[in-house]
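Trainee: coords below, sequence missing:
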């Protein structure tokens, strides 16, 4: 029995689901890692129409089979611990022939179907898949719009020649003078060009071979307006008498 272990801190994984009955594929289905294989098969039964009691589930990466889930008591995370893999369901998918005219039709109203918890629609809603992910998509778009507005607002405050302080995660807080405000060729977004007081930058005011302003080497840099705080930030003075 083989298993797949890759780095990942999420309690969920997203996997595509295919089956041996037809070419249908359910993309990016969200599963909890702590599901047992038996519980996973019950969910796959809804998605594929196979039988949880007889199906075999294989894990694929591309066209390569990485593992067969042959332990119903094992957790999904034992076999799949990263997004983007494919769960392939193998089953007989038996069909039966009968005279439909002699069988009374079983029909549900839309409201009755919506109230069922074992339907495909219910599963899609619970996992926010397909059109039921609209709320999450709208929230993401709203967050993106708000961030874009904040970037423009902060950019308007960055007047050329003004003093500022720059805080970029993973870097020391730096002070400098604003030398450029706008876009960079070959890059998406809005950038502020800074001439730093100390050689803590990455360039001389050029990016991609194009000069946007001029300064000494390693004194220049381009950052997001969100990293810039405009204000009265005089150059820091250093006491050279203490140097060795």
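Mentor: On my side now, so go ahead. All values derive from a computational prediction rather than experimental measurement.
Trainee: Just give the nearest non-adjacent residue to the residue nearest the centre of the chain, would you?
Mentor: In the chain, the centroid-proximal residue (Cα atoms, centre = their mean) is residue 83; its distance is 10.2 Å. Distances taken as Cβ to Cβ, 6 or more residues apart in numbering put residue 14 closest to residue 83, at 4.5 Å, once the chain neighbours are dropped. Every residue, glycine included, has its C-beta placed from N, CA and C.
Trainee: need the strands for the protein, in chain order.
Mentor: Along the chain, the segments classed as strands by DSSP state E run 12-19, 26-32, 56-61, 64-68, 86-90, 163-166, 174-182, 191-196, 206-207, 210-211, 220-223, 228-230.
Trainee: Contact partners for residue 205?
Mentor: Taking Cβ atoms under 8 Å, 6 or more residues apart in numbering, we find residue 205 in contact with 179, 180, 193, 195, 211, 212, 213, 214, 215, 220.
Trainee: Could I have the buried ones of those residues as PyMOL selection syntax?
Mentor: A single PyMOL command is used to select the members of the contacts of residue 205 judged buried by 16 or more other Cβ atoms under 10 Å:
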select buried, resi 179+180+193+195+212+213+215+220
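Trainee: now, the most widely separated pair of the contacts of residue 205?
Mentor: Across those, no pair lies farther apart than 195 and 211, at 12.8 Å, counting by Cβ to Cβ.
Trainee: and the strands of the chain as TSV, adding distance to residue 77 and mean pLDDT?
Mentor: Listed next are the strands of the chain as TSV, based on distance: least, Cβ to Cβ, whole Å; pLDDT from 0 to 100:
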stretch	distance to residue 77	mean pLDDT
strand 12-19	8	90
strand 26-32	9	87
strand 56-61	12	93
strand 64-68	12	92
strand 86-90	13	92
strand 163-166	41	96
strand 174-182	43	96
strand 191-196	41	97
strand 206-207	43	96
strand 210-211	48	96
strand 220-223	39	96
strand 228-230	42	96
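Trainee: Quick one: the helices in the protein, in order.
Mentor: Along the chain, counting by DSSP state H, helices occupy 37-48, 76-79, 110-115, 120-126, 134-156.
Trainee: Can you say which of these is packed in most?
Mentor: Among those, ranked by average contacts under mean count of other Cβ atoms under 10 Å, first place goes to helix 76-79 (a mean of 22).
Trainee: State the pLDDT value of residue 161.
Mentor: On the pLDDT scale, residue 161 is placed at 96.
Trainee: quick revisit: so the residue nearest to the centre of the chain makes contact with residue 16?
Mentor: No. Counting by Cβ atoms under 8 Å, residue 83 sits too far from residue 16 to count as a contact (9.9 Å).
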